[in-house]
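Asker: fold the stuff below for me.
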Amino acid sequence: MTTPHFTEPTTGYWQQILPATAAGPADGPWQYGYPARLPDGRVLVLPIRQMAGQPDHAVASLICNQAALDVIDALGELLAERLAPLQPEVVVGVPTLGLSFAPIVARRLGLSRMVPLGYSRKFWYDEALSGAVQSITTPTAGKRVYLDPNLLPLVRGKRVVLVDDAVSSGSTIAAPWNLLEAVGATVLGVGVAMCQGRRWAEVLGPQRAARVFGVFDSPLLQAVPEGWIRRA
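Answerer: Residues are numbered from 1 along each chain as shown. Predicted coordinates for the structure are as follows:
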């Protein structure tokens, strides 16, 4: 069992956005929470989670379906501002947690609906309208992301943006990106609330990585006696 190193329950996290003065040390060490800076200068404190298999490593996480609704609304508004210059015709929500932000982004961009993707295969779905998903949280083969065939006319030939909660490994966002391009959509970019580390940029490649728009960055962390610092 991993010996806890400056970690605590996350119940009270993600419930408020703090003023810029609450940022704390810019370079750490941080102990239980990492102060993520938003584009408008405010701060969202993220809980630091120690990695079970690598106890000297940690990540600062966002679990948006445990966050206060006001926090989700604020992050969705900021994400919409990042995506507005692309002028998309369609917002596509990536399951599961990206579906918390996609409706907010779509409404803010003046759209009347969004297109949700899903991991659950309904009996009328077409396997050709799906893509294999593999990530650090779903390492085994078999998971797929699906587009409902009834929604195909809404994306084919359209300028679309994908919306997800976070990008970390890059693998999770690659599958829906490939799927949408395969059915004839033009993917203008991807919007996420959190960019975690930079591994995703290597996986996606420079052209796609340049089209990822995040609200805030969350670095990978390593342990020091006083807490956590950015991983070298």
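
Asker: list the residues that contact Val91.
Answerer: Leu83, Ala102, Val105, Ala106, Leu109, Leu111, Met114, Val115, Val160, Val161, Val163 (CB atoms under 8 Å, 6 or more residues apart in numbering). The C-beta positions use only the backbone N, C-alpha and C, and glycine is treated the same way.

Asker: with adjacent residues omitted, what lies nearest to the second one?
Answerer: Translated: Ala102. Gly93 (3.0 Å; CB to CB, 6 or more residues apart in numbering).

Asker: for the one you found, name its beta-bridge partners.
Answerer: Pro116, Val163 (DSSP bridges).

Asker: thinking it is in contact with Val163, fair?
Answerer: Yes: using CB atoms under 8 Å, Gly93 is in contact with Val163, at 5.5 Å.

Asker: so what's in contact with these two at the same time?
Answerer: Contact with both Gly93 and Val163 is made by residues Phe101, Ala102, Met114, according to CB under 8 Å, 6+ apart.

Asker: which residues touch the second one?
Answerer: When you say that, I think you mean Ala102. Val91, Val92, Gly93, Val94, Met114, Pro116, Val163.

Asker: what about the second one, how many residues nearby?
Answerer: What that stands for is Val92. Burial of Val92 is recorded as 29 neighbouring residues (other CB atoms under 10 Å).

Asker: repeat that for the last one.
Answerer: Look at Val163: counted by other CB under 10 Å, it has 30 neighbours.

Asker: residues contacting it?
Answerer: 79, 83, 91-94, 98, 101-102, 105, 114, 190-192.

Asker: let's see it at 7 Å
Answerer: Leu79, Val91, Val92, Gly93, Val94, Gly98, Phe101, Ala102, Val105, Gly191 (CB atoms under 7 Å, 6 or more residues apart in numbering).

Asker: from Ile63, how far off is the nearest residue to Leu109 once chain neighbours are set aside?
Answerer: In space, not counting the residues next to it along the chain, Leu109 is nearest to Ala80; the distance is 5.7 Å by CB to CB, 6+ apart. Distance, Ala80 to Ile63, using CB to CB, to the nearest Å: 21 Å.

Asker: and the two? which has more neighbours close in?
Answerer: Neighbours were counted for Ala80 and for Ile63 using other CB under 10 Å; Ala80 has more, 22 against 15.

Asker: buried set for the helix or strand that contains the more buried one?
Answerer: Element membership for Ala80 (DSSP states H and E) is helix 69-83. Within helix 69-83, the residues scored as buried using 16 or more other CB atoms under 10 Å are Val71, Ile72, Ala74, Leu75, Gly76, Glu77, Leu78, Leu79, Ala80, Glu81, Arg82, Leu83.
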